[in-house]
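Trainee: Following is a predicted model, sequence given first.
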Amino acid sequence: MALNVNDVDVNFFRVKPESLAAFVSQWEYRNALSNWESDNLLKMADLVYTGRFDLNPARNTREKTPCCRWSDIKPLQQAGVYIAVMNQAGHYNYSNPATLFTLSDIGVSAHRYHNRLDIFTQSLENGAAQQGVEVALLDEKGQTLAQAASDAQGHVQLENSQQAALLLARKDGQTTLLDLKLPALDLAEFAIAGAPGYSKQFFMFGPRDLYRPGETVILNGLLRDSDGKTLPDQPVKLEVVKPDGQVLRTVVSQPENGLYRFTYPLDSGAPTGMWHIRANTGDNQPRMWDFHVEDFMPERMALNLSAQKTPLAPVGRGDVLRCWLLPVRSGLPMATRYRGNSSCARSVKRYRRCRASSLAILQKKTFPAVWTKSSLRWMKMAVATSPPTASGRKRIRRYR
C-alpha cells in the first residue's frame, strides 16, 4: 500500500542455504526490519539486487500499487528464499517495510491429523508429483523435529508434533516454506465430502435432468459394491417424489443384464420444481436422483432457403450424396420420414450398394413413399441435376 510516495528503493537479499533454518527462526513473521535487527539477520543473506521503482499513485489515496516485475530482473531468476527491504527514495527511516518470499517450483499441501501430517509435493508449473523432495519440520527455534523424502506420488508422512512451527520443502536448490502456525484453509466452504459411502452403491443416471410437463423421464441404474464390483441381481424399490414431498408412484425395478431401467411419463399439468427419484436397495438407506421440471422453449433457428437458377454441374450424372439417418431416442419430436408426391416416389429408389437390410417402408398413408431407419447406418444416393419440368420442379433419378 502506498500513500503519496512516488518512488521507492528496494534491496533484495537472498538467504544463504546453510543459514536458512536459523534465519527463519529469527524472522518471526515480521513485516518490517529495523536498523539493529538488520545487523544480525542480513549477515545470513547476500545482497543480489538494488533498484528504484516508480509508483506514482493517485494523490491523497491509499492504494495497492505494483512495484516491479520479477521476470524483468535477472538476479532474481535464481530459485531461493529472498528478503525485500523497501524505503522511500531520498528518506532514511529507523524501520523499513520488509517481506520474505520464495522463488520455487515446489508446491506443498499439508493435511494435519491428530497423530500425523500427510504432505503432498507437486510442481507448480505442470502439477506433476515431485519425487525426492526433502521435507522437514522445524520448531520455533529452528530445530529439526522430523524429516523425510517424498515418494513417487509426491507423498510424505511425518509424525505430528505440537512444537512444529514451520515446514521446509527443498530439492535442487529450490525451497518452499509453509507456516504451520497460521490458520489452515477452512474446508467447510468447499463441497469435498462427496457421495455417502454404502456397502451397496446404486448409481443412477439419465440422458438429462431437465424435463417439461408431458415428457417422459428416463432413468438408468447400476448396482455395485463399495469397491465398484458387480453385485448379484436384486430388486430395487423406486419412488417418484414431487417437489412438495408427495410420493406419486412406487415401483420395484428388476435388472436386465445388470442394468435397471425406469421411465415415468409426466402429466401435462405436472408442477414445476425439483423432483426426486428415491431408490432403496433393502438397507433402508435411500439414494436420491434429482431432476428439474420446468416450462421452457428450446432454441430455434429460422432458415430461408432459395435455389439458384444456374445448375452447379452440367446436365447428366450428378454428385454422390452421403448422409446419416438417426433414430429418434428422446427429446423434442422430429420428422423421421421422407414424403413426396407420386412422381417423386417413383424416381427415388435405393442405390444398389446401399445397406438396405435395416430400411423399411412404413404403411402408405397420405403419401405413397415413406422411408425410415431403425438404427444408425449410412445410405448412398446418386442425385442428377436435370433441368426442371414444366411445373418448375426438379426430378431426382437413380443410377444403377
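Mentor: Good, I have the coordinates.
Trainee: Mind splitting this protein into its structural domains?
Mentor: If you go by automatic domain parsing, the domain ranges for the chain are 7-103, 106-189, 202-293, 307-400.
Trainee: Dump the ones you listed into CSV; add distance to Glu299 and mean neighbour count as well.
Mentor: The C-beta positions use only the backbone N, C-alpha and C, and glycine is treated the same way. Listed next are these as CSV, based on distance: least, CB to CB, whole Å; neighbours: other CB atoms under 10 Å:
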stretch, distance to Glu299, mean neighbour count
domain 7-103, 44, 15
domain 106-189, 35, 15
domain 202-293, 14, 14
domain 307-400, 11, 12
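Trainee: Include distance to Met301 and mean pLDDT when you put those domains into CSV, please.
Mentor: Output for those, formatted as CSV (distance: least, CB to CB, whole Å; pLDDT from 0 to 100):
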stretch, distance to Met301, mean pLDDT
domain 7-103, 47, 83
domain 106-189, 41, 89
domain 202-293, 19, 94
domain 307-400, 13, 46
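Trainee: Which one of the ones you listed lies nearest to Ala195?
Mentor: Minimum separation from Ala195 across the domains of the chain (CB to CB) falls at domain 202-293, 8.8 Å.
Trainee: where exactly do the strands run in the stretch 201-350 of the chain?
Mentor: For the stretch 201-350 of the chain, applying DSSP state E, counting those that start in this stretch gives strands covering 210-211, 216-225, 236-241, 247-253, 259-265, 273-280, 287-293, 320-325.
Trainee: could those be laid out in CSV, adding distance to Pro196?
Mentor: Listed next are the strands of the stretch 201-350 of the chain as CSV, based on distance: least, CB to CB, whole Å:
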stretch, distance to Pro196
strand 210-211, 25
strand 216-225, 14
strand 236-241, 17
strand 247-253, 21
strand 259-265, 19
strand 273-280, 13
strand 287-293, 9
strand 320-325, 43
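Trainee: For Gln147, which of these is the nearest?
Mentor: Nearest to Gln147, of all the strands of the stretch 201-350 of the chain, is strand 216-225, at 40.4 Å by CB to CB.
Trainee: Let me see the residues that make contact with that closest one.
Mentor: 199-207, 211, 230-231, 233-234, 236, 238, 253, 255, 258-266, 275, 277, 279, 281, 289, 291, 330 (CB atoms under 8 Å, 6 or more residues apart in numbering).
Trainee: Need the distance between the two termini of stretch 241-256.
Mentor: One end of stretch 241-256 sits 24 Å from the other (CA to CA, to the nearest Å).
Trainee: So that it lines up with my notes, have the first residue be 27 from now on.
Mentor: OK, 27 is where the count begins now, so the last one is stretch 267-282.
Trainee: Specify the beta-bridge partners of Pro291.
Mentor: In this entry, Pro291 is beta-bridged to Thr242, by DSSP bridges.
Trainee: what's near enough to touch it?
Mentor: Counting by CB under 8 Å, 6+ apart, Pro291 has contacts Gly240, Glu241, Thr242, Val243.
Trainee: Give the buried residues for stretch 214-223.
Mentor: Of the residues in stretch 214-223, none count as buried by neighbour count, 16 or more other CB atoms under 10 Å.
Trainee: my read is Pro101 is in a strand, agree?
Mentor: No - Pro101 is assigned helix when assessed by DSSP: H, G, I helix; E, B strand; the rest coil, not a strand.
Trainee: unless I'm mixing things up, it is touching Asp72, no?
Mentor: No - applying CB atoms under 8 Å, one finds Pro101 not in contact with Asp72, separated by 10.2 Å.
Trainee: what helix or strand does the spatially closest residue to His181 that is not a sequence neighbour sit in?
Mentor: Spatially, and ignoring its direct neighbours in sequence, His181 is nearest to Phe146 (5.8 Å; CB to CB, 6 or more residues apart in numbering). According to DSSP states H and E, Phe146 maps onto strand 142-149.
Trainee: got a list of contacts for that strand?
Mentor: Outside strand 142-149, the residues that reach it (CB under 8 Å, 6+ apart) are 131-137, 154-156, 159, 161, 163, 176, 180-186, 190, 193, 195.
Trainee: just to revisit the earlier point, and of the contacts of Pro291, the nearest to Glu63?
Mentor: For the contacts of Pro291, the nearest to Glu63 is Val243 (70.1 Å; CB to CB).
Trainee: Tell me how far that closest one lies from Asp235.
Mentor: The gap separating Val243 from Asp235 is 9 Å, by CB to CB, to the nearest Å.
Trainee: who touches both of these two?
Mentor: Contacts common to Val243 and Asp235, judged by CB under 8 Å, 6+ apart, are Phe317.
Trainee: which stretches of the stretch 77-226 of the chain form strands?
Mentor: 106-114, 121-129, 132-138, 142-149, 160-164, 170-175, 181-185, 192-197, 200-205, 226-231.
Trainee: what lines up beside the second one in the sheet?
Mentor: To tie it back to what came earlier, the one meant is strand 121-129. When pairing is defined by DSSP bridges, strand 121-129 lines up against strand 58-60 (antiparallel), strand 106-114 (antiparallel).
Trainee: out of the strands of the stretch 227-376 of the chain, which comes closest to Leu68?
Mentor: With CB to CB as the yardstick, what comes closest out of the strands of the stretch 227-376 of the chain is strand 313-319 (61.1 Å).
Trainee: List the pairing partners of the closest one within its sheet, with orientation.
Mentor: strand 236-237 (parallel), strand 299-306 (antiparallel).
Trainee: what does that strand rub up against?
Mentor: Taking CB under 8 Å, 6+ apart as the rule, strand 313-319 contacts 224, 228, 230-232, 234-239, 243, 245, 292, 296-307.
Trainee: If we use 6 Å, what do you get?
Mentor: Residues outside strand 313-319 that contact it (CB atoms under 6 Å, 6 or more residues apart in numbering) are 228, 230, 235-237, 296, 298, 300-305.
Trainee: Tell me the one of those residues nearest Pro209?
Mentor: Once CB to CB is applied, the member of the contacts of strand 313-319 that ends up nearest Pro209 is Met300, at 36.1 Å.
Trainee: Would you mind confirming that the closest one is in contact with Lys268?
Mentor: No - counting by CB atoms under 6 Å, Met300 stays clear of Lys268, with 9.5 Å between them.
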